[in-house]
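>>> What follows is a predicted structure for the sequence shown.
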Amino acid sequence: MASFNAISTEKLLRLIGTPKGPVVIDVRDEEDFAAQPLLLPASFRRPYESVGQWGADYRGRWVVVVCQKGKKLSEGVAAWLRNAGAEAEALEGGFEAWRAAGLPLVPVAALPGENANGGTVWVTRARPKIDRIACPWLIRRFVDPSATFLFVAATEVEGVAARFDAMPFDVENVFWSHRDEDCTFDTMVKEFGLTFPALQHLSLIVRAADTDRLDLVPEAAGLLAASLGLSRMFADDLEQLEAGMTFYDAFYRWARDATQEKHEWVSHVAKKAKNHE
């Protein structure tokens, strides 16, 4: 029987990748994690043993706790978090239920190392347009919600990456970049194992707009136009990124929920005529 303070895999699946989704914390023990070094999208690890020390960090926040089977570890940590003022639930069936359902899992080996503040750091060229906004959106929504992005002069990306232990992306001759006909967004979706159908659809749109192949999909021209407009609206790259987060949230929700929806406008005159038929 499911716990009263539990969330189903189906419900969590709908919430991951959305701006108002819960914080997802993996508390599997070291043995279970070593056997399967994978994470639910947008989740991160915290030690269950020290929840009394870090639990207060989540006061006032919605948290979903994941252990191996959705039993004692997640139930215990969720209870501690509720005592600390969080709205905390355990994932029904835990990691095993998510994996058994064939849902996406992020390989830990693909993740860059964390910085002192606990999040990954990425660096790319300043004045982003498409890939360099789409990729940070993807990382923050599906990989690392605490990720930091540094936008610097194109000539300094390599040096900044080395000096500040940051992962370069969307520049030449690095791992996280274009590959053959794929853009950097494609590369990240594949390497992070993000097999969500809506992301596959969005990848095609981003690729078409970013590589000037607008014939690939009708929505590409709209993405290109909106992206260029955003880049003209903001002189500050971080402000542009914040605006771009909402922009890609909307594209993702369309790709997930509304691709078949049509907007039909019928004039008042036409309505009257139809009513008199």
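Received the coordinates, thanks.
>>> where along this protein do the helices fall?
Assigned by DSSP state H, the helices in the chain fall at 9-15, 30-35, 51-54, 72-83, 94-100, 131-142, 157-163, 184-191, 197-210, 220-233, 237-253, 268-275.
>>> of all those helices, which lies closest to residue 24?
helix 9-15 (7.5 Å; Cβ to Cβ). From N, CA and C alone the C-beta is placed, and that goes for glycine too.
>>> For the closest one, list every residue counted as buried.
The neighbour-count check on helix 9-15 (16 or more other Cβ atoms under 10 Å) flags 9, 12, 13 as buried.
>>> pull the CA atoms of it into PDB?
What follows is helix 9-15, C-alpha atoms only, in PDB (Å, rounded to 0.1, in the frame of the first residue of the first chain):
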ATOM      1  CA  THR A   9       6.400   7.800 -10.900                       C
ATOM      2  CA  GLU A  10       3.700   8.900 -13.300                       C
ATOM      3  CA  LYS A  11       3.100  12.200 -11.400                       C
ATOM      4  CA  LEU A  12       6.800  12.900 -10.900                       C
ATOM      5  CA  LEU A  13       7.400  12.200 -14.600                       C
ATOM      6  CA  ARG A  14       5.000  15.000 -15.500                       C
ATOM      7  CA  LEU A  15       6.700  17.400 -13.100                       C
END
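>>> Show me what it packs onto, helices and strands only.
Secondary-structure packing of helix 9-15 (3 or more Cβ pairs under 8 Å, 6 or more residues apart in numbering; DSSP states H and E): helix 94-100.
>>> And the contacts of the helix it packs on?
For helix 94-100, the surrounding residues in contact (Cβ atoms under 8 Å, 6 or more residues apart in numbering) are 9, 12, 26, 28, 32, 36, 38, 40, 66-71, 74, 91, 93, 105.
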